[in-house]
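Chemist: let's see this in three dimensions:
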Amino acid sequence: MKYTIKRSSRKTIGLQMTSEGLLVRAPYRAGKKDIERVIRENKAWIARAEKKMNRSAEAVRRQGVLTADDIAMLAAEARKVIPRRVEYYAKLIGVVPGRISIRSQKTKWGSCSAKGNLNFNCLLMLAPPEVLDCIVVHELCHLKEMNHSKRFYDEVLRVCPEYRKWHRWLRDNGDILMRRMELGKK
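Modeler: Below you'll find the model as predicted:
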């Protein structure tokens, strides 16, 4: 099996399926035998990831890639919609967020900084509104719990009882949205 290795100061070997193929993220000290062992042990995952990548490539061909103008329009729409959703849910959760930024990120749907600033991916405008709400709630709950503990998820589920359903939708379909942007930038 062909793969690309990206070495860094990480402690473990990780696998990632990209549009170019299998990417192995490995510590500087990891030997070729260690890397090949991890690949062998994860053959089933690799096969599923390849299949999913092929399905998303087909979906991107059907739906089309996003141009720079498309992304700019999505970002403009997100700058109107997302702050209103943040304001609504912040009151329900009882938090006060910092600055809200809209970006076109390749891997993240949202993030919350230690200062309470929130970042959201403009591609959320292509997802069902419930998905956007779940991401907003997730990031706002980090203002109470800056982790992914049981208490954190209890708060998320209190505000967004169908969180798991919409999180699963994003897990199953989000790569298609990301690839539509990724391919449009090439």
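Chemist: in this structure, which residue is most central in space?
Modeler: Closest residue to the average C-alpha location of the chain: residue 108 at 3.6 Å, with Cα atoms, centre = their mean.
Chemist: and the residue lying closest to that one once chain neighbours are set aside, bridged to which residues?
Modeler: Nearest non-adjacent residue to residue 108, counting by Cβ to Cβ, 6 or more residues apart in numbering: residue 121, 6.3 Å away. Heads up, the C-betas are built off the backbone N, CA and C, glycines and all. Counting by DSSP bridges, residue 121 is bridged to residue 103.
Chemist: contact partners for residue 121?
Modeler: Residues in contact with residue 121 (Cβ atoms under 8 Å, 6 or more residues apart in numbering) are 102-105, 108-110.
Chemist: show me which residues of stretch 37-47 are buried.
Modeler: For stretch 37-47, burial by neighbour count (16 or more other Cβ atoms under 10 Å) applies to 38-39, 42, 46.
Chemist: which residues touch that stretch?
Modeler: Here stretch 37-47 has contacts from 1, 3, 13, 15, 17, 22, 24, using Cβ under 8 Å, 6+ apart.
Chemist: and of these, the nearest to residue 59?
Modeler: Nearest to residue 59 among the contacts of stretch 37-47, counting by Cβ to Cβ, is residue 17 at 15.4 Å.
Chemist: nearest residue to that closest one in space, please, no chain neighbours.
Modeler: residue 49 is the one closest to residue 17 (Cβ to Cβ, 6+ apart), at 3.7 Å.
Chemist: do you know how far that neighbour is from residue 21?
Modeler: The gap separating residue 49 from residue 21 is 10 Å, by Cβ to Cβ, to the nearest Å.
Chemist: more neighbours: these two, which one.
Modeler: residue 49 (17 against 12; other Cβ atoms under 10 Å).
Chemist: hmm, back to that, could you look up the SS state of the residue nearest to residue 17?
Modeler: Three-state assignment for residue 49 (DSSP: H, G, I helix; E, B strand; the rest coil): helix.
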